[in-house]
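In: Give me a 3D structure for the following:
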Amino acid sequence: MKKAKAEDAGSITMDRISELPKHILQRILYFLSQENAVRTSVLSKSWRNIWCTRPNLDFSDATFKGNKRKFLSVVDTTLQRYCDQDQGLCLEKFHLRILLDDPYQESVLLLEKWVPRFTTMGVKAFRLSVVSSNAHVDLSSVVFKAEPLKRLRLRSCNLVVDIPDNIPFVRLTVLRLQSVLIEQEILDKIIPSCPLLTTMSFEYCRDLTSVKLETKLHKNLKRFTFHTTDECSVEIDEIPTLEKIDILGCRVHFHSHEFTNLKYLSLHSVEISSDSIEESDQVLFIDAPNVNYFEYMGNFTPSISFAPTSNKGRWSSNVRYYVQEVEDAQSCFVKLRKQLQALTKSEISLEIIQYSDDNIAHVEEDVLVLLQGGAIYGGNYNKPVAVEHLKLNFIHVSSPPPFFNCLFCICRPKKITRRWRSTTQGELLIKREQKELIEYFCTIIRERGIQDLEDLSIGILDNSRRKWKRLSLRGPILWESALLDVSVIRIRLKWRESC
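Out: Next up, the predicted model:
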């Protein structure tokens with residue numbers, strides 16, 4: 001009985017809401033997601049079409065499960081309602097996500113029909129996301145007529161035909177282009193036309209030669225991403241608002257070293273230059289008091305140092321060193337020490353990756369003597385840097401003891417992970433290297449070969465079971481069973497607190 005009364009009360013409440021004027025119902029749905037707004041169409045007849053007359057619309061062809069024709073029809077019919085003056089509808093925000101697969105012409109025609117009308121329809125914020133499966137699709141006729149455009153994401157298409165002199169992107173805040181063919185002249189027109197940009201991302205775009213971030217043009221820019229495999233350059237002025245810089249595969253020139261709000265910096269396979277770099281030491285100094293994360297991948301020239309941060313907690317740095325060919329061991333370790341010393345205030349993760357099957361440079365005893373005595377640095381001793389995790393991926397060392405002795409002269413890793421992969425030398429070489437590695441660490445812990453090292457443990461990943469097993473260091477090791485189907489060895493090291 002009570003349940004029946006509760007249901008009746010709910011029905012009365014729903015009926016009262018349904019009796020509200022349409023413009024109020026539309027405003028109510030304004031605050032719902034598109035999916036939830038569509039669900040209200042089953043409440044009653046008065047709710048049936050409210051979802052498609054609200055002030056904000058969000059369409060994605062993914063929700064139509066491959067029925068592209070139905071998707072285009074629904075979008076076209078819905079937008080047509082807003083052009084009917086008798087309806088008195090207002091479209092403030094419109095978000096469209098669409099995949100242009102073959103045949104794509106009908107989809108492009110829909111975009112060309114409606115996008116130029118959005119300004120007269122009163123649209124204040126237009127978000128467009130287009131992914132094309134045909135790299136020859138040109139969307140210039142759509143993109144450059146979208147005056148209310150606030151967010152633009154394009155992938156695998158072109159912007160090269162019929163470019164207007166004036167590009168109406170005064171509202172654009174997010175620009176993401178991936179695998180887009182865009183000429184340098186066009187980009188040079190776009191950038192000054194976007195005073196409100198907060199996010200700018202170019203990933204593997206074609207025909208670009210340079211991008212310059214200027215103080216006067218990018219007063220609101222927070223996030224900048226540029227990835228390329230082509231010959232290209234990036235110049236960065238002092239941009240106080242920048243919070244993220246992510247650059248891969250080009251020349252980078254810093255006109256300023258002050259980044260007051262920078263939290264994330266990633267530089268991968270880049271050539272770095274700066275107005276502040278001195279020829280003598282080739283060190284790039286960056287003043288980023290709020291940095292949380294730094295990532296550098298490639299070789300170590302020039303090295304990068306940071307001013308003391310204002311973060312109460314320690315920040316993280318990830319250094320990946322790609323060994324593409326055998327090089328001079330002394331130079332390798334000197335560069336590595338220099339970079340680690342510059343990151344002392346952070347929690348460091350260091351990874352060394354080798355692409356070739358050759359042995360990494362043979363480490364002579366004189367290199368170890370120089371590192372231990374600091375003779376390379378004019379006789380000044382450099383204390384080894386604490387490293388959270390040292391990863392050695394696919395490298396081949398002709399003799400582990402000199403190699404690791406040199407590493408321990410420049411860093412104190414808490415964890416070492418070494419991986420192997422099948423090579424032309426075969427499994428016998430891998431097992432020999434694994435045995436030599438374990439024997440080396442067993443020796444230094446038994447004989448106390450490194451004074452600062454208090455203890456260590458060795459774990460082996462059993463590939464067949466995908467489980468870690470701890471290797472006992474107290475007695476003799478049965479090598480044949482211990483190293484059966486092993487590709488990863490992990491060593492945990494406990495150093496004295498003073499290290």
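In: would you list every one of the strands in the stretch 101-250 of the chain?
Out: 125-132, 149-155, 158-159, 174-178, 181-182, 199-203, 210-213, 223-227, 233-236, 244-248 (DSSP state E, counting those that start in this stretch).
In: who's in contact with the fifth one?
Out: Strand 181-182 is contacted by residues 135, 157-160, 205-208 when judged by C-beta atoms under 8 Å, 6 or more residues apart in numbering. No exception for glycine: its C-beta is placed from N, CA and C like everyone else's.
In: how about a cut-off of 6 Å?
Out: 158-159, 205-207 (C-beta atoms under 6 Å, 6 or more residues apart in numbering).
In: Turn the strands of the stretch 101-250 of the chain into CSV, columns for mean neighbour count, mean pLDDT and distance to residue 296.
Out: Shown next, in CSV, are these (neighbours: other C-beta atoms under 10 Å; pLDDT from 0 to 100; distance: least, C-beta to C-beta, whole Å):
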stretch, mean neighbour count, mean pLDDT, distance to residue 296
strand 125-132, 20, 95, 31
strand 149-155, 21, 97, 28
strand 158-159, 21, 94, 32
strand 174-178, 19, 97, 23
strand 181-182, 20, 94, 28
strand 199-203, 19, 97, 19
strand 210-213, 18, 96, 20
strand 223-227, 20, 98, 15
strand 233-236, 19, 96, 16
strand 244-248, 20, 97, 11
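In: okay if I get the ones you listed as JSON lines plus distance to residue 259?
Out: JSON lines is the format used below for these (distance: least, C-beta to C-beta, whole Å):
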{"stretch": "strand 125-132", "distance to residue 259": "29"}
{"stretch": "strand 149-155", "distance to residue 259": "25"}
{"stretch": "strand 158-159", "distance to residue 259": "30"}
{"stretch": "strand 174-178", "distance to residue 259": "21"}
{"stretch": "strand 181-182", "distance to residue 259": "27"}
{"stretch": "strand 199-203", "distance to residue 259": "16"}
{"stretch": "strand 210-213", "distance to residue 259": "11"}
{"stretch": "strand 223-227", "distance to residue 259": "11"}
{"stretch": "strand 233-236", "distance to residue 259": "9"}
{"stretch": "strand 244-248", "distance to residue 259": "8"}
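In: re earlier: name the nearest of the contacts of strand 181-182 relative to residue 95.
Out: Checking the contacts of strand 181-182 against residue 95 with C-beta to C-beta, the nearest one is residue 159 at 20.6 Å.
In: which outside residues touch whichever strand or helix holds residue 350?
Out: Taking DSSP states H and E as the definition, one finds residue 350 inside strand 346-354. Contacting residues not belonging to strand 346-354 are listed as 314-323, 387-395 [C-beta under 6 Å, 6+ apart].
In: which residues sit against the strand or helix carrying residue 297?
Out: Assigned by DSSP H and E, residue 297 belongs to strand 293-298. Applying C-beta under 6 Å, 6+ apart, the contact partners of strand 293-298 are 264-269, 316-320.
In: Top of those residues by number of neighbours, please.
Out: If you count neighbours using other C-beta atoms under 10 Å, the busiest of the contacts of strand 293-298 is residue 317, which has 26 neighbours.
In: partners of that one in the sheet?
Out: Assessed by DSSP bridges, residue 317 has beta-bridge partners residue 294, residue 348.
In: what ranges do the helices span in the protein?
Out: If you assign secondary structure with DSSP state H, the helices in the chain sit at 2-18, 22-30, 34-39, 68-83, 105-114, 140-143, 184-190, 329-342, 365-373, 400-410, 427-446, 479-482.
In: In the last one, which residues are buried?
Out: For helix 479-482, a neighbour-count test (16 or more other C-beta atoms under 10 Å) marks residue 482 as buried.
In: Name the residues that touch that helix?
Out: By C-beta under 6 Å, 6+ apart, helix 479-482 touches residue 435.
In: any weak-confidence spans in the stretch 151-300 of the chain?
Out: Applying pLDDT under 70 to the stretch 151-300 of the chain flags residues 276-282, 300.
In: If you average the pLDDT over the strand holding residue 350, what comes out?
Out: What strand 346-354 shows for mean pLDDT is 90.
In: Ok, stretch 57-65 next?
Out: Taken as a whole, stretch 57-65 has a mean pLDDT of 86.
In: Now do the end-to-end distance for it.
Out: Taking C-alpha to C-alpha, to the nearest Å, stretch 57-65 runs 19 Å from one end to the other.
In: residues of that stretch that come out buried?
Out: Applying 16+ other C-beta under 10 Å to stretch 57-65 flags 57-59, 61, 64 as buried.
In: What are the phi and psi values at residue 162?
Out: phi 50, psi 60 (degrees, to the nearest 10).
In: if we can go back for a sec, any idea how far the strand holding residue 297 is from the chain center?
Out: Computed by C-alpha atoms, centre = their mean, to the nearest Å, the separation of strand 293-298 from the middle of its chain amounts to 11 Å.
In: relative to strand 244-248, how tilted is it?
Out: Between the axes of strand 293-298 and strand 244-248, defined by axes from the mean of the first three to the mean of the last three C-alpha atoms, to 10 degrees, the angle is 10 degrees.
In: mind listing what's buried in strand 293-298?
Out: Within strand 293-298, the residues scored as buried using 16+ other C-beta under 10 Å are 294-298.
In: circling back: drop anything exposed from the contacts of strand 346-354.
Out: Buried members of those, scored by 16+ other C-beta under 10 Å, are 315-321, 323, 387-395.
In: Okay, residue 251 and residue 171: tell me how far apart.
Out: Separation of residue 251 from residue 171 (C-beta to C-beta, to the nearest Å): 32 Å.
In: Repeat that for residue 455.
Out: 61 Å.
In: What of residue 317?
Out: Counting by C-beta to C-beta, the gap from residue 317 to residue 171 is 37 Å.
In: which stretches of the stretch 301-450 of the chain have low pLDDT?
Out: 301-302, 310, 312-313, 324-330, 355-382, 394-395, 398, 422-425.
In: The same query, at a cut-off of 80, please.
Out: 301-303, 308-314, 323-335, 354-382, 394-399, 421-426, 449 (pLDDT under 80).
In: At the geometric centre of the chain, which residue do we find?
Out: residue 246 (7.0 Å; C-alpha atoms, centre = their mean).
In: quick one: contacts for that one?
Out: Residue 246 touches 225, 266, counting by C-beta under 6 Å, 6+ apart.
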